[in-house]
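Enquirer: Let me see the structure of the following:
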Amino acid sequence: MQEKLTINYTNDLHSHFENWPKIAGYFKQNKQEVTDSGETCWLIDIGDHVDRSRPIAEAFRGKANVSLLNEAGFDFATIGNNEGITLDHDDLYHLYDEAEFRVAVANLHAQENDDPSWLESSWISETSGGLKVGMIGLTAPFPDFYSLIGWDIEDPIDVLRRELGQLREACDVVVLLSHLGIYADRDIAAAFPDIDVIIGGHTHHLLHEGEYVNQCLITTAGKQGFYFGEVEIIWDHEQKCIVDKRAMAIPVAGLDDDPGTAELVALYSENAVKAMHRPAVVLPDPMPSAPYEDSRVMDRLTDYLRRWTSADLAFLNAGVLLDSFPEGAISYMDIHRICPHPINPATVPLTGEELQQIVDAALQPDFVSFQLKGFGFRGKVIGKMVYSGLTFDLAGTKAKPRAVNLMIHGEPLQRDEQYLTAMADTFTFGDLLPCIKQAKSKKYFMPEMLRDLLLQTFKEIEK
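Expert: A predicted model of the protein is given here:
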């Protein structure tokens, strides 16, 4: 006798609820149809459903996201880095208290308290036909961030080496819920043949039909709800093995909205707007801002960052502000809309020689106009770099400018001397500015985000 297990999943929604009523409508209908046929359909989220750059997630600290997952009938989930390190400790600790689905994160544990009641490493669930499916969840490890907000995060490979064998022995099929990214998923599939299916997220890849590595089916469905995933596993009870497995990413365009879900999203949106339209500060003058220009607001914000972190100098890219601020009352919604990024302050010790490299790199037209995606940045372009504590003169050409006569608080920059430099944590990731990524002794400030410092900057101006 053969049995089919259907899994529908979402990954990396990032609180883009525009398509959520369509996704929920399909999931509800498909789950009901599969169940009515006597088979099993499970709904799973692979993390980064929450994203505080969006008002609903910001206003309700992710609780509305969980409510929407409940309403859609989800069965299982793991967490992403946006749940894990953009919420403070208590908000994450209680995020899933009301969840009607199970949550697995095998590599996350609370430092001081007991783990939250919802947190599991893995489980075995049985289908209507008696197929035993073991599921284990893993999320991307960012130890420097997690440790600052009271969590321990383990290396996923160490966890799999410790726990996978026992799980494999107790079930028929093993499914990894992975918010690790496709490159890690491929490495895991190659190294751990006991895993049958990896449902992935984090790097926003879109695999229309999945891919196989070492007989493991890997699948992931992009980002922001433009697609969702469907996995089918065919199990033969007589042969006691999987005889077929397939995956596909399904576009939501053309699907019908679920009326109940659409109504709930609209209600949360309305309540989020009400909650965040509270006045935060009153500005005596307008504060214009543009990504390619100097502005008083960026000067003040960068200077506040330097002073707040007790750094020698600071820099920020003007692209972090998405609009100008008018004179008069400014609401929390205004600040969130104009500075939505889940970006934290950071300090990095850099030599004068490294600072020269950074300033020169940031002057290049290709850098200024670069359309940055990811690393917490939710804007369009990096924009002009703004400095506090550092001045220089321009030389070179318009096509290839360079900085000369660099001064730190009026003193000539010393190439071999180290300077504590404050910045957005964006620049500590990736290869935008390699000397920062490679630097040691990075310090991150949490749970404060850049917009929290912007608010304090405005309060200084208000006085």
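
Enquirer: show me where pLDDT drops low in this structure?
Expert: Counting by pLDDT under 70, the chain has low-confidence residues at 463.

Enquirer: Point to the residue nearest the middle of it.
Expert: By CA atoms, centre = their mean, the mean C-alpha position of the chain lies nearest to N82, the distance being 3.6 Å.

Enquirer: Tell me who's in contact with that one.
Expert: Residues in contact with N82 (CB atoms under 8 Å, 6 or more residues apart in numbering) are 14, 47-48, 50-52, 342. Every residue, glycine included, has its C-beta placed from N, CA and C.

Enquirer: and which of the residues you listed is nearest to N317?
Expert: P342 (15.7 Å; CB to CB).

Enquirer: hang on, the earlier thing: which of the helices or strands spans the residue nearest to the centre of the chain?
Expert: In this structure, N82 sits in helix 81-85 according to DSSP states H and E.

Enquirer: can you pull the buried residues of the helix or strand that that helix is followed by?
Expert: Proceeding N to C from helix 81-85, the next assigned helix or strand is helix 89-93, under DSSP H and E. Going by neighbour count (16 or more other CB atoms under 10 Å), the buried part of helix 89-93 is 89, 91-93.

Enquirer: hmm, who's touching the helix or strand just after helix 89-93?
Expert: Proceeding N to C from helix 89-93, the next assigned helix or strand is strand 102-104, under DSSP H and E. Applying CB under 8 Å, 6+ apart, the contact partners of strand 102-104 are 75-79, 96, 118-123, 135-137, 177.

Enquirer: Any idea what M135 is bridged to?
Expert: W123, V175 (DSSP bridges).

Enquirer: for Y9, same thing?
Expert: I44, G229.

Enquirer: Against V231, how distant is it?
Expert: Y9 sits 7 Å away from V231, going by CB to CB, to the nearest Å.

Enquirer: Residues that sit against both of the two, list them.
Expert: With CB under 8 Å, 6+ apart, Y9 and V231 have common neighbours 199, 219.

Enquirer: higher neighbour count, those two?
Expert: Between Y9 and V231, counted using other CB atoms under 10 Å, the more crowded position is Y9 (26 against 21).

Enquirer: pretty sure the more buried one contacts F228?
Expert: Yes. Counting by CB atoms under 8 Å, F228 is a contact partner of Y9 at 6.7 Å.

Enquirer: overlap in contacts of those two?
Expert: Common neighbours of Y9 and F228 (CB under 8 Å, 6+ apart) are A221.

Enquirer: ok so, going back, so which of the contacts of N82 is the closest to L131?
Expert: Distances from L131 to those, taken by CB to CB, are shortest for G47, at 24.9 Å.

Enquirer: could you list every residue that touches the closest one?
Expert: Per CB under 8 Å, 6+ apart, neighbours of G47: 11-12, 77-83, 139, 179, 201-202.

Enquirer: Skipping adjacent residues, who's closest to it in space?
Expert: Nearest in space to G47, with sequence neighbours left out and distances taken as CB to CB, 6 or more residues apart in numbering, is G80 at 2.9 Å.

Enquirer: these two touch, right, G210 and T219?
Expert: Yes. G210 lies in contact with T219 (CB under 8 Å); the separation is 4.0 Å.

Enquirer: So for the two, which residue has more residues nearby?
Expert: Neighbours were counted for G210 and for T219 using other CB under 10 Å; T219 has more, 28 against 23.

Enquirer: Show me what the more buried one is bridged to.
Expert: Beta-bridge partners of T219, as defined by DSSP bridges: I199.

Enquirer: any idea how far E71 is from it?
Expert: 25 Å.

Enquirer: How about S324?
Expert: In terms of CB to CB, S324 sits 38 Å off from E71.

Enquirer: if you count what's nearby, which of these two comes out ahead?
Expert: E71 (17 against 13).

Enquirer: just checking, that one touches E263?
Expert: No. If you go by CB under 8 Å, E71 and E263 don't touch, sitting 10.0 Å apart.

Enquirer: okay, now the domains of the protein?
Expert: Per automatic domain parsing, the domain ranges recorded for the chain read 2-272, 278-462.

Enquirer: ranking the ones you listed by burial, who's on top?
Expert: domain 2-272 (a mean of 19; mean count of other CB atoms under 10 Å).

Enquirer: what's the closest non-adjacent residue to C41?
Expert: V34 (3.8 Å).

Enquirer: The one you found sits in which helix or strand?
Expert: Assigned by DSSP H and E, V34 belongs to helix 20-36.

Enquirer: Residues touching that helix, excluding its own?
Expert: So helix 20-36 is contacted by 6, 8, 10, 13, 40-41, 43, 68, 71-74, 128, 225, 228, 250, 252, 255-259, 261-262, 265 (CB under 8 Å, 6+ apart).

Enquirer: one more time with 7 Å
Expert: 6, 8, 10, 40-41, 43, 68, 72-73, 225, 228, 252, 255-258, 261-262, 265 (CB atoms under 7 Å, 6 or more residues apart in numbering).

Enquirer: Likewise for stretch 381-399?
Expert: 291-294, 298-299, 302-303, 306, 312-319, 359, 362, 365, 367-372, 401-409.

Enquirer: Take the residues you listed and keep only those in strands.
Expert: 313-317, 401-408 (DSSP state E).

Enquirer: Now that P116 has come up, it's in contact with L92, right?
Expert: No. With contacts counted by CB atoms under 7 Å, P116 stays clear of L92, the gap being 8.0 Å.

Enquirer: As a quick check, tell me the outermost residue of the protein.
Expert: E238 (43.1 Å).

Enquirer: would you list every one of the helices in the stretch 351-463 of the chain?
Expert: 352-363, 365-368, 434-438, 450-462 (DSSP state H, counting those that start in this stretch).

Enquirer: Against which helices or strands is the first one packed?
Expert: Right, the one you point to is helix 352-363. Helices and strands touching helix 352-363, as assessed by 3 or more CB pairs under 7 Å, 6 or more residues apart in numbering; DSSP states H and E, comprise strand 401-408, strand 418-424, helix 434-438.

Enquirer: next one: the last one
Expert: For helix 450-462, the helices and strands in contact under the criterion 3+ CB pairs under 7 Å, 6+ apart are strand 279-283, helix 296-309, helix 332-338.

Enquirer: Export these as TSV, with columns for distance to A57.
Expert: Output for the helices and strands packed on helix 450-462, formatted as TSV (distance: least, CB to CB, whole Å):
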stretch	distance to A57
strand 279-283	18
helix 296-309	23
helix 332-338	10
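
Enquirer: L167: which element?
Expert: Assigned by DSSP H and E, L167 belongs to helix 156-169.

Enquirer: Same check on I330?
Expert: Secondary structure (DSSP H and E) places I330 in strand 328-331.
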